[in-house]
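Trainee: Make a model of this:
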Amino acid sequence: MLNALIQLVRDVAQNEVMPRFLRVGSTRKQDGSLFTEADLAAQNAFAEGLKNLSTYPMLGEEMSRHEQMQLWQNNPQGLWVVDPIDGTTNFINGLPHFALSVALVKNGVSQLGVIFNPYTNEMYAAERGKGAHMNGIPLPLKKTLNPLSEAIAGVEVKYLRSGKLASRMQTLAPCGSQRSMGSSTLDWCYLASGRYDVYVHGGQKLWDYAAGALIFEEAGGQLATLEGDDFWNGEHVFSRSAIAALQPELFTAWLNWIRKNQ
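Mentor: Numbers count the residues shown, from 1 in each chain. Alright, predicted model coming up:
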């Protein structure tokens, strides 16, 4: 099924997303986020294509919140979670940092995950218990351990719930430097690759982390939330925080610093 899912994601990107790159306008949804014709076309293509892979229903980012909640509550045995384009603002403005993301979630835990940046042709994929890879190359790509003082951190300060943590992240963070590139799904992939060393996010949507957290975990990374140590059993499904690091030595130090400064 993973190989078939990879091919479906590639087809949707080729047929629905890239032909619209720099060719569509945008509107804003009720929550203020941007939305394009490409998002809807890709989501519709996934809705049709996933029917050929299994009988599991699909939850997409562009559905109503009520519909999303109903799908989540009524399908613990299996549910596709789709972000047709993550990084829509980048997509609209011609920044080549966006991705398509699909995960199969069972009983609240992701089992399959695929994330694809069609501009760079980087296809990240994982199946629980079987490792993760990018274009067939096992992850992580980079295994050199940076000390925390030199670590590259993925940080989206505006989503940190604590004003204290946000302030200290900008002035006292123990890492070497910080990056915020506008795509949560690719943040996870960069962590899994070893491009980022550590990561913190105050609240990702289900479709932002469903595939990415699995890929990262299968690459050997460790993760928790701001509230607790068990990432997948966190209370907040539709807005889940994340603390993560690829190397165990960094994870402990990073987690302790964040917990202390919340």
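Trainee: Would you mind confirming that residue 169 makes contact with residue 158?
Mentor: No. Applying Cβ atoms under 8 Å as the test, residue 169 and residue 158 come out as separate, 10.8 Å apart. All C-beta spots, glycine's among them, are computed from the backbone N, C-alpha and C.
Trainee: Looking at these two now, which is surrounded by more residues?
Mentor: Remark: of residue 169 and residue 158, residue 169 carries more neighbours, 22 against 8, as counted by other Cβ atoms under 10 Å.
Trainee: three-state assignment of the more buried one?
Mentor: helix (DSSP: H, G, I helix; E, B strand; the rest coil).
Trainee: any idea how far residue 198 is from it?
Mentor: As judged by Cβ to Cβ, to the nearest Å, residue 169 and residue 198 stand 11 Å apart.
Trainee: Next: residue 3.
Mentor: Look at residue 3 and residue 198: by Cβ to Cβ, they are 32 Å apart.
Trainee: between these two, which one's more packed in?
Mentor: residue 198 (30 against 8).
Trainee: which ones are touching the more buried one?
Mentor: 148, 151-154, 175, 244-246, 250-251, 254 (Cβ atoms under 8 Å, 6 or more residues apart in numbering).
Trainee: if we look at stretch 11-30, which residues are touching it?
Mentor: By Cβ under 8 Å, 6+ apart, stretch 11-30 touches 34-38, 41-42, 45-46, 49, 84-85, 88, 91-92, 94, 100, 116, 118-119.
Trainee: ok, now with 6 Å
Mentor: Under the criterion Cβ atoms under 6 Å, 6 or more residues apart in numbering, residues 34-38, 41-42, 45-46, 92, 94, 100, 116, 118 lie in contact with stretch 11-30.
Trainee: Show me what counts as buried in it.
Mentor: Across stretch 11-30, burial judged by 16 or more other Cβ atoms under 10 Å covers 12-13, 16-17, 20-21, 26.
Trainee: and that stretch, how far from the chain's centre?
Mentor: Offset of stretch 11-30 from its chain centre (Cα atoms, centre = their mean, to the nearest Å): 19 Å.
Trainee: same deal with stretch 128-141?
Mentor: 16 Å.
Trainee: Return the mean pLDDT over it, rounded to an integer.
Mentor: For stretch 128-141, the mean pLDDT works out to 97.
Trainee: Could you list the alpha-carbon positions for it in PDB?
Mentor: Taking Å, rounded to 0.1, in the frame of the first residue of the first chain, the C-alpha atoms of stretch 128-141 are listed here in PDB:
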ATOM      1  CA  ARG A 128       5.400   2.100  11.200                       C
ATOM      2  CA  GLY A 129       8.000  -0.400  12.300                       C
ATOM      3  CA  LYS A 130       9.800  -0.400   8.900                       C
ATOM      4  CA  GLY A 131      11.800   2.800   8.900                       C
ATOM      5  CA  ALA A 132      11.700   6.000   6.800                       C
ATOM      6  CA  HIS A 133      13.300   7.100   3.600                       C
ATOM      7  CA  MET A 134      13.600   9.900   1.100                       C
ATOM      8  CA  ASN A 135      13.500   8.900  -2.500                       C
ATOM      9  CA  GLY A 136      14.500   5.400  -1.400                       C
ATOM     10  CA  ILE A 137      17.400   6.500   0.800                       C
ATOM     11  CA  PRO A 138      17.100   5.600   4.500                       C
ATOM     12  CA  LEU A 139      16.700   8.500   6.900                       C
ATOM     13  CA  PRO A 140      18.400  10.300   8.400                       C
ATOM     14  CA  LEU A 141      20.600  11.500   5.600                       C
END
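Trainee: start at 687 instead
Mentor: Sure, I'll start numbering at 687, so the last one becomes stretch 814-827.
Trainee: If anything else comes up later, I'll come back, but that's it for now.
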